[in-house]
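Student: Pasted the sequence and its predicted model underneath.
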Amino acid sequence: MKSGIDWWVIAIYAALVIFGWINIYAAVYNDDHRSIFDITQRYGMQLVWITFSFFIALCILLIEDKYYHMLAYQFYVAGLVIMTGVLLFGTEVNGAKAWIDIGPIRIQPVEFMKIVTALALAKFMSSYNFNIRDWKGLYYIGLIIIAPVFLILLQNDTGSALVFGAFVIMLYREGFGKLLYILAILLAFLFLVSFVLEPLPILMIMFILCVVVEGFVNKRWKYNIRYLALVAMLTILIAFILPVHGLENALYYSMLIAIALSLIVVARYAFSSRLDNIWGFAGIFIGAVIFTFVIDYVFDNILQTHQQMRILDLLGIAKDPHGWSYNVIQSKIAIGSGGWNGKGFLEGTQTRFSFVPEQSTDFIFCTVGEEWGFVGSAAVVVLFVILIICLMRMGERQKEPFARVYCYSAAAIIFMHFTINIAMTIGLFPVVGIPLPFFSYGGSSLLAFTILLFIAVRLDSSQQVE
């Protein structure tokens, strides 16, 4: 075994796994099965998975790191084949056809798909002629990420599909354009405010924002103020002659027409003055307008009823304490009732009486909050933050891109799971099926995160001994 192993990472991993096991015991404690080693209960089965995961971790540390590079594409293709097999022969659980039954064991292949996708990206982005600013390279990166996401969405597992957005963090580290990240944040903002505001104020905010920012970038404040005034007057003029019923609809369509007409003049000016920034801001605005038109369609026709209600519940638009809102309400009660020091081990009333559904899996953090309080919850958060920072430091000290890309991908995946899961339990994110890494009950999750982490440790150990 290599001597350059980061033992701090392994120590944090062990602490999270053991503390998670203890909290699984507390979440599903049964007076008739008090032994934590009872394999007829979830906590006993989790111990079996922990033991197996420790064994797999040891094997990963003993395998030569070159094989991860050599077999990255083969692993990725095998993953896609298995994911396709799940669609055909998988088992449906909670509305998602994302599981495979192998005898008494149930495996969720998507957890392992994240690992092989990270390996495939690392191999592709470490190739000799790769350039992240080349559109051809970005095309293949998008293909590597989108292919498994497409299969996951067909499995009706939206939560797992969201996690693949974590690779954006790695791409940012590798030099991906900042403008696209701003656009992604903008689209998310538009999606959320579309449930609160009508189309007209959204259009006005977007238009004014783009014009103001463009004026700041190109230092053309006076011209932009005149332009805004011109569009406003043109909008009012068109509204009087446009045959549309209702003042708001008239203003909305009039403003679209006024902006479209004015953009013809702006485009000519930008071309003659060689102001490339104007094209970028015009493109962002036009994309935002198109996006506002499709939001309603996506919400009404693509998202499922429970996903729609969870978004509305998060925004405070709709409440159903005995239905869609029940999980989050009980979760917040459990965490809040823990106070500073918690109620004590096995003393959580919300936990003991099963008020919070899925408390040993997706809502395991509720048990931590109720029984260990703010101190215990903060300790878990700190451990995760340190682990993510350690993975990022691993990436930074790599001399070749394969290990760096993989380490950042692993850090991003863990960060995404950790952030969404905890935000979900405290009501800051819609409820999705995202487990807390190393903590939530489940063999697939624990084994996959163990493999994900220890491949990074193995790659880093080779770097340390060179």
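Tutor: That came in fine, so what should we check first? Residues are numbered from 1 along each chain as shown.

Student: Going by C-alpha atoms from here, please, whenever you check contacts or count neighbours.
Tutor: OK.

Student: on contacts alone, who are the packing partners of the helix or strand harbouring L452?
Tutor: Assigning secondary structure by DSSP states H and E places L452 in helix 443-465. Judged by 3 or more C-alpha pairs under 8 Å, 6 or more residues apart in numbering; DSSP states H and E, helix 443-465 is in contact with helix 42-62, strand 105-107, helix 110-125, helix 364-396, helix 401-425.

Student: List the buried residues of it.
Tutor: By neighbour count on 16 or more other C-alpha atoms under 10 Å, the buried set for helix 443-465 is 443-464.

Student: Export only the CA atoms of that helix, formatted as CSV.
Tutor: Coordinates of each C-alpha in helix 443-465 appear next as CSV, following Å, rounded to 0.1, in the frame of the first residue of the first chain:
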residue,chain,number,x,y,z
GLY,A,443,-25.9,-0.3,0.6
SER,A,444,-25.8,1.2,-2.9
SER,A,445,-25.3,4.7,-1.6
LEU,A,446,-22.6,3.8,1.0
LEU,A,447,-20.7,1.5,-1.4
ALA,A,448,-20.8,4.1,-4.3
PHE,A,449,-19.6,7.0,-2.1
THR,A,450,-16.9,4.8,-0.7
ILE,A,451,-15.6,3.9,-4.2
LEU,A,452,-16.0,7.5,-5.3
LEU,A,453,-13.9,8.8,-2.4
PHE,A,454,-11.2,6.1,-2.3
ILE,A,455,-10.4,6.3,-6.0
ALA,A,456,-9.6,9.9,-5.3
VAL,A,457,-7.5,8.9,-2.3
ARG,A,458,-5.7,6.3,-4.5
LEU,A,459,-4.9,8.7,-7.3
ASP,A,460,-3.6,11.2,-4.8
SER,A,461,-1.4,8.7,-3.0
SER,A,462,0.4,8.0,-6.3
GLN,A,463,1.1,11.7,-6.6
GLN,A,464,2.4,11.9,-3.1
VAL,A,465,5.0,9.2,-3.4
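
Student: Give me the contact list for stretch 363-382.
Tutor: 16, 23-24, 26-27, 331-332, 334-348, 350-351, 356-359, 421-422, 425, 435-436, 439-440 (C-alpha atoms under 8 Å, 6 or more residues apart in numbering).

Student: one step back: if you average pLDDT over the helix holding L452, what comes out?
Tutor: Mean per-residue pLDDT for helix 443-465: 88.

Student: among the helices and strands packed on helix 443-465, where is the model least confident on average?
Tutor: Looking at these, the bottom one is strand 105-107 with a mean of 84.

Student: Within its sheet, name the partner strands of that one and how each one runs.
Tutor: Strand 105-107 sits in its sheet next to strand 96-102 (antiparallel), going by DSSP bridges.

Student: Could you give me the buried positions within stretch 427-443?
Tutor: Those would be 427, 429-443, for stretch 427-443 by 16+ other C-alpha under 10 Å.

Student: Show only the entries of these found in helices.
Tutor: Cross-referencing these against helices under DSSP state H gives G443.

Student: tell me how far the ends of stretch 437-449 are from each other?
Tutor: 7 Å (C-alpha to C-alpha, to the nearest Å).
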